[in-house]
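S.K.: Sequence and predicted model, in that order:
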Amino acid sequence: MHRSFLRRRARLTLLAGSSAIILAACGDQPLDFDLRGLGGGFSTAEAATGPLAKRPKPDDRGIISYPNYQVAVARRGDTLDDVAARVGADASTLASYNGIEVDVALRKGEIIALPNRVAEPSPATGAAGTGPIQPLDITSIAEGAIARAPETPAVQTAALPPSQPAASAKAVPVMTGKEPIRHQVERGETAYTIARLYAVPVKDLAEWNGLGADFALREGQFLLIPVPQQAPPKRKPQPATAKKTAATTAKPVTTTLPGAGSPTPTPPSAAKPLPQDSTAKPLTQKEKAAPSKPVADVGKPTKTAKAGKLLTPVKGSIIRGYSKGRNEGINIKAAAGTAVKAADTGTVAAITKNAEGVPIVVVRHADNLLTVYANVTDVSVKKGDKVSRGQSIAKLRSGDDAYVHFEVRKGFDSVDPEPFING
(Lines give C-alpha, C1' and ligand atoms only; values in the text may rest on other atoms or scores of the structure.)
Protein backbone atom coordinates (compact mmCIF):
# COMPACT_ATOMS: atom_id res chain seq x y z
CA MET A 1 0.00 0.00 0.00
CA HIS A 2 1.25 3.48 -0.76
CA ARG A 3 2.89 5.09 2.28
CA SER A 4 0.93 8.34 1.99
CA PHE A 5 -2.34 6.37 2.03
CA LEU A 6 -1.24 4.59 5.22
CA ARG A 7 -0.45 7.93 6.84
CA ARG A 8 -3.83 9.31 5.87
CA ARG A 9 -5.67 6.26 7.19
CA ALA A 10 -3.74 6.36 10.46
CA ARG A 11 -4.66 9.99 10.82
CA LEU A 12 -8.35 9.19 10.35
CA THR A 13 -8.33 6.46 12.92
CA LEU A 14 -6.46 8.74 15.30
CA LEU A 15 -9.05 11.49 15.01
CA ALA A 16 -11.91 9.06 15.39
CA GLY A 17 -10.19 7.37 18.31
CA SER A 18 -9.99 10.68 20.12
CA SER A 19 -13.67 11.30 19.44
CA ALA A 20 -14.52 7.91 20.91
CA ILE A 21 -12.81 8.76 24.16
CA ILE A 22 -14.68 11.99 24.43
CA LEU A 23 -18.00 10.32 23.61
CA ALA A 24 -17.35 7.90 26.40
CA ALA A 25 -17.05 10.71 28.91
CA CYS A 26 -19.56 13.20 27.59
CA GLY A 27 -22.52 11.04 26.59
CA ASP A 28 -24.77 13.05 24.30
CA GLN A 29 -22.72 16.25 24.60
CA PRO A 30 -20.71 17.57 21.62
CA LEU A 31 -17.24 16.16 21.15
CA ASP A 32 -14.57 17.77 23.32
CA PHE A 33 -11.24 17.44 21.52
CA ASP A 34 -9.60 19.20 24.43
CA LEU A 35 -10.16 15.92 26.36
CA ARG A 36 -11.26 17.79 29.48
CA GLY A 37 -14.68 16.11 29.38
CA LEU A 38 -13.11 12.87 30.58
CA GLY A 39 -12.64 14.30 34.05
CA GLY A 40 -16.19 15.57 34.28
CA GLY A 41 -15.04 19.20 34.57
CA PHE A 42 -15.66 22.21 32.40
CA SER A 43 -13.56 23.01 29.32
CA THR A 44 -11.24 26.01 29.29
CA ALA A 45 -10.50 25.75 25.56
CA GLU A 46 -12.72 28.65 24.59
CA ALA A 47 -11.63 30.82 27.51
CA ALA A 48 -8.03 30.62 26.30
CA THR A 49 -8.80 32.76 23.26
CA GLY A 50 -9.58 36.46 23.16
CA PRO A 51 -12.88 37.95 21.98
CA LEU A 52 -13.53 37.38 18.29
CA ALA A 53 -14.99 39.81 15.79
CA LYS A 54 -18.31 39.26 14.06
CA ARG A 55 -18.28 38.20 10.42
CA PRO A 56 -18.51 41.25 8.12
CA LYS A 57 -21.92 41.91 6.59
CA PRO A 58 -22.18 40.98 2.90
CA ASP A 59 -23.62 43.33 0.27
CA ASP A 60 -27.04 42.87 -1.32
CA ARG A 61 -25.67 40.13 -3.57
CA GLY A 62 -24.22 38.27 -0.59
CA ILE A 63 -20.59 39.12 -1.46
CA ILE A 64 -17.83 39.62 1.14
CA SER A 65 -14.70 40.84 -0.62
CA TYR A 66 -11.13 40.66 0.72
CA PRO A 67 -7.88 41.63 -1.08
CA ASN A 68 -6.94 38.00 -1.84
CA TYR A 69 -10.32 36.32 -2.33
CA GLN A 70 -14.09 36.76 -2.36
CA VAL A 71 -16.84 34.63 -0.85
CA ALA A 72 -20.61 34.55 -1.28
CA VAL A 73 -23.02 34.06 1.63
CA ALA A 74 -26.00 31.82 0.85
CA ARG A 75 -29.58 32.74 1.72
CA ARG A 76 -32.25 30.43 3.06
CA GLY A 77 -33.39 28.01 0.32
CA ASP A 78 -30.52 28.91 -2.04
CA THR A 79 -28.80 26.46 -4.38
CA LEU A 80 -25.58 27.13 -6.26
CA ASP A 81 -27.72 28.08 -9.26
CA ASP A 82 -29.28 30.87 -7.20
CA VAL A 83 -25.91 32.08 -5.86
CA ALA A 84 -24.32 32.00 -9.33
CA ALA A 85 -27.18 33.99 -10.87
CA ARG A 86 -27.00 36.60 -8.11
CA VAL A 87 -23.23 37.19 -8.24
CA GLY A 88 -22.70 36.67 -11.98
CA ALA A 89 -20.69 33.43 -11.83
CA ASP A 90 -20.90 29.98 -13.46
CA ALA A 91 -22.82 27.46 -11.32
CA SER A 92 -20.86 24.39 -12.47
CA THR A 93 -17.55 26.13 -11.71
CA LEU A 94 -18.80 27.02 -8.23
CA ALA A 95 -19.91 23.42 -7.69
CA SER A 96 -16.53 21.98 -8.69
CA TYR A 97 -14.59 24.53 -6.62
CA ASN A 98 -16.63 23.96 -3.44
CA GLY A 99 -17.15 20.18 -3.75
CA ILE A 100 -20.96 20.32 -3.83
CA GLU A 101 -23.68 19.55 -6.36
CA VAL A 102 -25.41 22.41 -8.17
CA ASP A 103 -28.92 21.55 -6.97
CA VAL A 104 -28.12 20.85 -3.30
CA ALA A 105 -29.98 23.13 -0.88
CA LEU A 106 -27.63 25.42 1.02
CA ARG A 107 -27.95 26.55 4.62
CA LYS A 108 -28.61 30.17 5.47
CA GLY A 109 -25.27 31.90 6.01
CA GLU A 110 -23.21 29.13 4.37
CA ILE A 111 -19.95 30.32 2.81
CA ILE A 112 -19.42 29.68 -0.92
CA ALA A 113 -15.87 30.37 -2.12
CA LEU A 114 -15.54 32.14 -5.47
CA PRO A 115 -12.78 30.81 -7.77
CA ASN A 116 -12.69 34.08 -9.73
CA ARG A 117 -13.36 37.65 -8.63
CA VAL A 118 -16.68 39.21 -9.55
CA ALA A 119 -17.62 42.92 -9.45
CA GLU A 120 -16.40 44.52 -6.24
CA PRO A 121 -18.93 45.64 -3.64
CA SER A 122 -19.97 49.30 -3.71
CA PRO A 123 -22.79 51.49 -2.39
CA ALA A 124 -24.66 50.53 -5.57
CA THR A 125 -24.69 46.88 -4.39
CA GLY A 126 -25.65 47.82 -0.85
CA ALA A 127 -22.12 47.76 0.61
CA ALA A 128 -20.89 50.30 3.17
CA GLY A 129 -17.93 51.21 0.95
CA THR A 130 -16.28 50.48 -2.36
CA GLY A 131 -13.84 47.67 -3.06
CA PRO A 132 -12.52 44.87 -0.84
CA ILE A 133 -12.15 45.08 2.93
CA GLN A 134 -8.70 46.56 3.57
CA PRO A 135 -6.52 46.23 6.66
CA LEU A 136 -6.51 49.38 8.77
CA ASP A 137 -3.20 51.19 8.16
CA ILE A 138 -2.77 53.91 10.77
CA THR A 139 0.47 55.15 9.16
CA SER A 140 -1.16 55.72 5.77
CA ILE A 141 -4.12 57.48 7.37
CA ALA A 142 -1.81 59.83 9.28
CA GLU A 143 0.34 60.55 6.24
CA GLY A 144 -2.76 61.25 4.13
CA ALA A 145 -4.13 63.65 6.73
CA ILE A 146 -0.85 65.55 6.81
CA ALA A 147 -0.75 65.74 3.01
CA ARG A 148 -4.30 67.08 2.86
CA ALA A 149 -3.72 69.70 5.55
CA PRO A 150 -3.71 73.27 4.10
CA GLU A 151 -0.44 75.16 4.18
CA THR A 152 -0.14 78.37 6.17
CA PRO A 153 -1.14 81.18 3.78
CA ALA A 154 1.42 83.89 3.01
CA VAL A 155 0.75 87.49 4.09
CA GLN A 156 -1.16 89.34 1.34
CA THR A 157 -0.74 93.08 0.73
CA ALA A 158 -3.81 93.43 -1.49
CA ALA A 159 -7.41 92.51 -0.98
CA LEU A 160 -8.50 89.35 -2.72
CA PRO A 161 -11.88 88.77 -4.31
CA PRO A 162 -14.19 86.52 -2.34
CA SER A 163 -13.53 82.89 -3.11
CA GLN A 164 -16.24 80.70 -4.58
CA PRO A 165 -17.06 77.50 -2.67
CA ALA A 166 -15.54 74.57 -4.51
CA ALA A 167 -17.64 71.52 -5.13
CA SER A 168 -16.01 68.87 -2.98
CA ALA A 169 -16.06 65.32 -4.24
CA LYS A 170 -18.12 62.98 -2.14
CA ALA A 171 -15.75 60.72 -0.23
CA VAL A 172 -16.51 57.02 -0.42
CA PRO A 173 -15.66 55.21 2.82
CA VAL A 174 -13.17 52.37 2.74
CA MET A 175 -14.20 49.18 4.53
CA THR A 176 -11.51 48.03 6.93
CA GLY A 177 -10.90 44.78 8.77
CA LYS A 178 -8.58 41.80 9.02
CA GLU A 179 -8.58 39.19 6.27
CA PRO A 180 -9.34 35.77 7.79
CA ILE A 181 -7.58 32.55 6.90
CA ARG A 182 -9.57 30.49 4.38
CA HIS A 183 -9.35 26.78 5.29
CA GLN A 184 -10.38 23.99 2.91
CA VAL A 185 -11.73 20.92 4.71
CA GLU A 186 -9.82 17.66 4.18
CA ARG A 187 -11.21 14.15 4.61
CA GLY A 188 -11.52 13.19 8.27
CA GLU A 189 -11.51 16.75 9.60
CA THR A 190 -14.34 17.97 11.82
CA ALA A 191 -15.41 21.38 13.06
CA TYR A 192 -13.86 20.50 16.42
CA THR A 193 -10.44 19.56 15.05
CA ILE A 194 -10.35 22.69 12.87
CA ALA A 195 -11.42 24.92 15.77
CA ARG A 196 -8.71 23.30 17.89
CA LEU A 197 -6.13 23.78 15.11
CA TYR A 198 -6.73 27.53 14.98
CA ALA A 199 -7.51 27.96 18.71
CA VAL A 200 -10.99 29.41 18.15
CA PRO A 201 -14.30 28.38 19.78
CA VAL A 202 -16.23 25.95 17.60
CA LYS A 203 -19.39 28.03 18.15
CA ASP A 204 -17.76 31.07 16.51
CA LEU A 205 -16.48 28.90 13.66
CA ALA A 206 -20.04 27.68 13.08
CA GLU A 207 -21.52 31.20 13.18
CA TRP A 208 -18.96 32.57 10.71
CA ASN A 209 -19.64 29.76 8.23
CA GLY A 210 -23.34 29.05 8.66
CA LEU A 211 -22.83 25.49 9.94
CA GLY A 212 -25.78 23.40 11.04
CA ALA A 213 -26.59 22.32 14.60
CA ASP A 214 -24.56 19.13 14.10
CA PHE A 215 -21.51 21.12 12.86
CA ALA A 216 -21.33 18.78 9.85
CA LEU A 217 -18.70 19.51 7.18
CA ARG A 218 -18.05 18.15 3.70
CA GLU A 219 -14.72 17.38 2.07
CA GLY A 220 -13.55 20.33 -0.06
CA GLN A 221 -15.69 22.88 1.80
CA PHE A 222 -14.10 26.30 2.44
CA LEU A 223 -14.28 27.81 5.93
CA LEU A 224 -13.43 31.31 7.13
CA ILE A 225 -11.47 31.25 10.40
CA PRO A 226 -12.81 33.93 12.79
CA VAL A 227 -10.45 36.82 13.48
CA PRO A 228 -9.94 38.56 16.86
CA GLN A 229 -11.41 41.92 17.66
CA GLN A 230 -9.18 44.96 17.51
CA ALA A 231 -7.20 45.55 20.67
CA PRO A 232 -8.92 47.93 23.12
CA PRO A 233 -7.40 51.40 23.48
CA LYS A 234 -4.62 51.74 26.00
CA ARG A 235 -5.45 53.28 29.35
CA LYS A 236 -4.26 56.81 29.99
CA PRO A 237 -1.23 56.93 32.32
CA GLN A 238 -2.15 57.76 35.88
CA PRO A 239 -0.71 60.87 37.55
CA ALA A 240 2.58 60.41 39.36
CA THR A 241 0.91 61.42 42.62
CA ALA A 242 -1.59 58.57 42.45
CA LYS A 243 -1.09 55.93 45.09
CA LYS A 244 -0.12 52.49 43.94
CA THR A 245 -2.68 49.83 44.73
CA ALA A 246 -2.44 46.05 44.71
CA ALA A 247 -4.18 46.03 41.30
CA THR A 248 -1.66 48.42 39.71
CA THR A 249 1.39 46.71 41.18
CA ALA A 250 0.31 43.15 40.44
CA LYS A 251 2.27 41.32 37.77
CA PRO A 252 0.41 40.69 34.51
CA VAL A 253 -1.24 37.28 34.30
CA THR A 254 -0.24 35.26 31.25
CA THR A 255 -2.73 32.81 29.77
CA THR A 256 -1.53 29.65 28.06
CA LEU A 257 -3.47 27.50 25.57
CA PRO A 258 -4.89 24.22 26.89
CA GLY A 259 -2.24 21.51 26.97
CA ALA A 260 0.66 24.00 26.74
CA GLY A 261 1.39 23.81 30.48
CA SER A 262 2.17 26.61 32.95
CA PRO A 263 5.58 28.17 33.62
CA THR A 264 7.37 26.79 36.70
CA PRO A 265 7.78 29.46 39.42
CA THR A 266 11.29 30.28 40.57
CA PRO A 267 11.83 29.22 44.22
CA PRO A 268 12.78 32.07 46.59
CA SER A 269 16.06 30.39 47.48
CA ALA A 270 17.21 30.57 43.85
CA ALA A 271 17.27 34.38 43.94
CA LYS A 272 18.28 34.86 47.58
CA PRO A 273 20.09 32.26 49.70
CA LEU A 274 18.55 31.16 53.00
CA PRO A 275 19.95 32.93 56.11
CA GLN A 276 22.50 31.20 58.26
CA ASP A 277 21.15 29.47 61.37
CA SER A 278 22.77 31.41 64.21
CA THR A 279 21.27 29.08 66.86
CA ALA A 280 23.12 25.98 65.66
CA LYS A 281 25.91 24.91 68.04
CA PRO A 282 29.09 23.18 66.84
CA LEU A 283 29.67 19.58 67.96
CA THR A 284 31.90 19.02 71.03
CA GLN A 285 34.94 16.73 70.90
CA LYS A 286 33.02 14.14 72.94
CA GLU A 287 30.09 14.18 70.48
CA LYS A 288 32.46 13.87 67.53
CA ALA A 289 34.21 10.86 69.10
CA ALA A 290 30.98 9.07 70.08
CA PRO A 291 30.14 6.10 67.80
CA SER A 292 27.12 6.52 65.61
CA LYS A 293 23.99 4.53 66.43
CA PRO A 294 23.56 1.36 64.38
CA VAL A 295 20.99 1.57 61.58
CA ALA A 296 18.33 -1.13 61.55
CA ASP A 297 18.72 -3.67 58.74
CA VAL A 298 15.60 -3.33 56.62
CA GLY A 299 16.80 -5.67 53.90
CA LYS A 300 17.69 -5.00 50.28
CA PRO A 301 15.81 -2.22 48.52
CA THR A 302 13.00 -3.42 46.29
CA LYS A 303 13.36 -3.11 42.57
CA THR A 304 11.45 -0.41 40.75
CA ALA A 305 8.15 -1.71 39.41
CA LYS A 306 8.05 -2.23 35.69
CA ALA A 307 5.98 0.20 33.67
CA GLY A 308 4.68 -2.55 31.40
CA LYS A 309 1.48 -4.19 32.56
CA LEU A 310 -0.75 -4.33 29.49
CA LEU A 311 -1.27 -7.21 27.10
CA THR A 312 -0.51 -6.64 23.41
CA PRO A 313 -3.90 -6.60 21.65
CA VAL A 314 -2.61 -8.76 18.76
CA LYS A 315 0.57 -10.71 18.11
CA GLY A 316 2.20 -9.09 15.10
CA SER A 317 4.66 -6.49 13.87
CA ILE A 318 4.53 -2.78 14.65
CA ILE A 319 4.31 -1.05 11.25
CA ARG A 320 4.09 2.45 12.67
CA GLY A 321 5.37 3.69 16.01
CA TYR A 322 4.12 6.31 18.43
CA SER A 323 4.74 9.96 17.58
CA LYS A 324 3.19 12.65 19.77
CA GLY A 325 0.92 14.89 17.71
CA ARG A 326 1.23 12.72 14.58
CA ASN A 327 0.38 9.16 15.55
CA GLU A 328 -1.07 8.98 19.07
CA GLY A 329 -0.63 5.21 19.25
CA ILE A 330 1.00 2.29 17.44
CA ASN A 331 -0.21 0.29 14.43
CA ILE A 332 0.20 -3.48 14.83
CA LYS A 333 -0.21 -5.64 11.72
CA ALA A 334 -1.28 -9.30 11.80
CA ALA A 335 -3.31 -11.78 9.75
CA ALA A 336 -6.80 -10.78 8.70
CA GLY A 337 -9.43 -12.03 11.13
CA THR A 338 -7.02 -12.18 14.09
CA ALA A 339 -8.77 -11.63 17.41
CA VAL A 340 -8.14 -8.22 18.99
CA LYS A 341 -7.85 -8.72 22.76
CA ALA A 342 -8.42 -6.35 25.67
CA ALA A 343 -5.08 -5.18 27.04
CA ASP A 344 -6.32 -5.43 30.63
CA THR A 345 -9.41 -5.81 32.77
CA GLY A 346 -11.80 -2.88 32.41
CA THR A 347 -15.14 -1.54 31.20
CA VAL A 348 -16.11 -0.74 27.62
CA ALA A 349 -16.47 3.05 27.76
CA ALA A 350 -17.54 3.65 24.14
CA ILE A 351 -18.02 2.01 20.77
CA THR A 352 -18.13 4.40 17.83
CA LYS A 353 -16.98 4.71 14.22
CA ASN A 354 -14.52 6.88 12.35
CA ALA A 355 -15.26 9.03 9.29
CA GLU A 356 -15.19 5.91 7.05
CA GLY A 357 -17.56 3.92 9.27
CA VAL A 358 -14.84 1.67 10.75
CA PRO A 359 -15.54 0.66 14.40
CA ILE A 360 -13.48 1.93 17.34
CA VAL A 361 -13.58 0.46 20.86
CA VAL A 362 -12.54 2.37 24.00
CA VAL A 363 -11.92 0.51 27.29
CA ARG A 364 -11.52 2.23 30.65
CA HIS A 365 -9.13 0.66 33.18
CA ALA A 366 -8.03 1.39 36.73
CA ASP A 367 -5.68 4.27 37.58
CA ASN A 368 -7.33 6.65 35.07
CA LEU A 369 -6.05 4.60 32.10
CA LEU A 370 -7.80 4.22 28.75
CA THR A 371 -7.01 1.96 25.80
CA VAL A 372 -8.28 2.54 22.25
CA TYR A 373 -8.65 -0.12 19.54
CA ALA A 374 -9.28 1.40 16.09
CA ASN A 375 -9.46 0.01 12.55
CA VAL A 376 -11.23 -3.19 13.66
CA THR A 377 -14.32 -5.14 12.66
CA ASP A 378 -16.78 -7.70 14.12
CA VAL A 379 -16.94 -6.02 17.54
CA SER A 380 -18.17 -8.61 20.07
CA VAL A 381 -18.77 -6.34 23.08
CA LYS A 382 -21.07 -3.41 23.79
CA LYS A 383 -20.80 -0.22 25.81
CA GLY A 384 -20.85 -0.89 29.56
CA ASP A 385 -19.61 -4.50 29.30
CA LYS A 386 -16.98 -5.69 31.77
CA VAL A 387 -14.02 -7.23 29.93
CA SER A 388 -11.20 -9.33 31.29
CA ARG A 389 -7.53 -9.23 30.36
CA GLY A 390 -7.00 -11.06 27.06
CA GLN A 391 -10.72 -11.25 26.21
CA SER A 392 -11.48 -11.02 22.48
CA ILE A 393 -13.38 -7.80 21.75
CA ALA A 394 -13.07 -7.53 17.93
CA LYS A 395 -11.16 -8.80 14.88
CA LEU A 396 -8.73 -7.38 12.35
CA ARG A 397 -10.06 -6.28 9.00
CA SER A 398 -9.16 -7.99 5.74
CA GLY A 399 -6.58 -7.15 3.07
CA ASP A 400 -4.05 -4.37 3.57
CA ASP A 401 -6.16 -2.98 6.44
CA ALA A 402 -5.31 -5.94 8.69
CA TYR A 403 -3.80 -3.90 11.52
CA VAL A 404 -5.05 -2.42 14.79
CA HIS A 405 -4.39 1.17 15.78
CA PHE A 406 -3.76 0.86 19.53
CA GLU A 407 -3.64 3.86 21.87
CA VAL A 408 -2.94 4.19 25.60
CA ARG A 409 -4.17 7.35 27.29
CA LYS A 410 -3.27 8.36 30.82
CA GLY A 411 -5.65 11.03 31.98
CA PHE A 412 -6.12 13.48 29.11
CA ASP A 413 -2.86 12.73 27.29
CA SER A 414 -1.79 9.96 24.97
CA VAL A 415 1.38 8.09 25.94
CA ASP A 416 3.65 5.69 24.11
CA PRO A 417 1.98 2.25 24.45
CA GLU A 418 5.20 0.22 24.06
CA PRO A 419 6.51 0.72 27.65
CA PHE A 420 3.10 -0.45 28.94
CA ILE A 421 2.88 -3.74 27.04
CA ASN A 422 4.79 -6.80 28.22
CA GLY A 423 3.55 -9.62 26.09
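M.R.: The structure has been received and is ready for your questions.
S.K.: Tell me if I'm right that L396 and D378 touch.
M.R.: No. Under the criterion of Cβ atoms under 8 Å, L396 makes no contact with D378, lying 9.2 Å away. No exception for glycine: its C-beta is placed from N, CA and C like everyone else's.
S.K.: These two: who's more crowded?
M.R.: L396 (24 against 14; other Cβ atoms under 10 Å).
S.K.: Got phi/psi on the more buried one?
M.R.: Main-chain dihedrals, L396, degrees, to the nearest 10: phi -80, psi 150.
S.K.: Could you do the one 3 residues further on as well?
M.R.: Recorded main-chain torsions at G399 are phi 70, psi -150, according to degrees, to the nearest 10.
S.K.: Pull up the gap between it and A336, please.
M.R.: Taking Cβ to Cβ, to the nearest Å as the measure, G399 falls 7 Å from A336.
S.K.: Give me the more crowded residue out of the two.
M.R.: Neighbours around G399 and A336, counted as other Cβ under 10 Å, are more numerous at A336. The numbers are 14 against 7.
S.K.: so who does the more buried one touch?
M.R.: Shown in contact with A336 (Cβ atoms under 8 Å, 6 or more residues apart in numbering): L396, R397, S398, G399, A402.
S.K.: Recalculate using a threshold of 6 Å.
M.R.: With contact set as Cβ atoms under 6 Å, 6 or more residues apart in numbering, A336 has these partners: L396, S398, A402.
S.K.: Distance check, the second one against T338.
M.R.: Translated: S398. 11 Å.
S.K.: neighbour count winner among the two?
M.R.: Taking neighbours as other Cβ under 10 Å, S398 and T338 compare with T338 leading, 20 against 11.
S.K.: looking at it, the more buried one is touching T312, isn't it?
M.R.: No. Taking contact to mean Cβ atoms under 6 Å, the distance of 11.5 Å between T338 and T312 leaves them out of contact.
S.K.: Tell me the backbone dihedrals of the closest residue to S317 other than its chain neighbours, please.
M.R.: Once its chain neighbours are removed from consideration, S317 has its nearest residue in K333; the separation is 5.5 Å (Cβ to Cβ, 6 or more residues apart in numbering). Listed backbone geometry of K333 is phi -100, psi 140, with angles given as degrees, to the nearest 10.
S.K.: and R61, that's in a helix?
M.R.: No. R61: not assigned to a helix; according to DSSP: H, G, I helix; E, B strand; the rest coil it is coil.
S.K.: Just say helix, strand or coil for R409.
M.R.: Judged by three-state DSSP, the three-state class of R409 is strand.
S.K.: And it, what's its pLDDT?
M.R.: We note a pLDDT of 90 for R409 in this prediction.
S.K.: Tell me how far it lies from I393.
M.R.: 17 Å.
S.K.: cool, S380 as well?
M.R.: Separation of S380 from I393 (Cβ to Cβ): 6 Å.
S.K.: go on, N327?
M.R.: Computed as Cβ to Cβ, the N327 to I393 distance reads 22 Å.
S.K.: more crowded one of these two?
M.R.: It is I393, of N327 and I393, that has more neighbours when counted by other Cβ under 10 Å, with 22 against 19.
S.K.: neighbours around the residue nearest to S317, how many?
M.R.: Residues lying near K333 (other Cβ under 10 Å) number 17.
S.K.: do A349 as well
M.R.: Per other Cβ under 10 Å, the neighbour tally for A349 reads 21.
S.K.: Please identify which helix or strand holds it.
M.R.: For A349, the host element (DSSP states H and E) is strand 346-353.
S.K.: what comes up buried for that strand?
M.R.: Neighbour counts using 16 or more other Cβ atoms under 10 Å place G346, V348, A349, A350, I351, T352 of strand 346-353 among the buried residues.
S.K.: List the contacts of S392.
M.R.: With Cβ under 6 Å, 6+ apart, S392 has these contacts: A339, K341.
S.K.: for R61, same thing?
M.R.: When the contact criterion is Cβ under 6 Å, 6+ apart, the partners of R61 are R86, V87, T125.
S.K.: same question, G316
M.R.: G316 makes contact with I332, K333, A334, according to Cβ under 6 Å, 6+ apart.
S.K.: Now pLDDT too, for these, in TSV please.
M.R.: Formatted as TSV, the entries for the contacts of G316 read as follows, by pLDDT from 0 to 100:
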residue	pLDDT
I332	92
K333	92
A334	92
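S.K.: Endpoint to endpoint, stretch 359-378 covers what distance?
M.R.: End-to-end distance for stretch 359-378, by Cα to Cα, to the nearest Å: 8 Å.
S.K.: No further questions, thank you.
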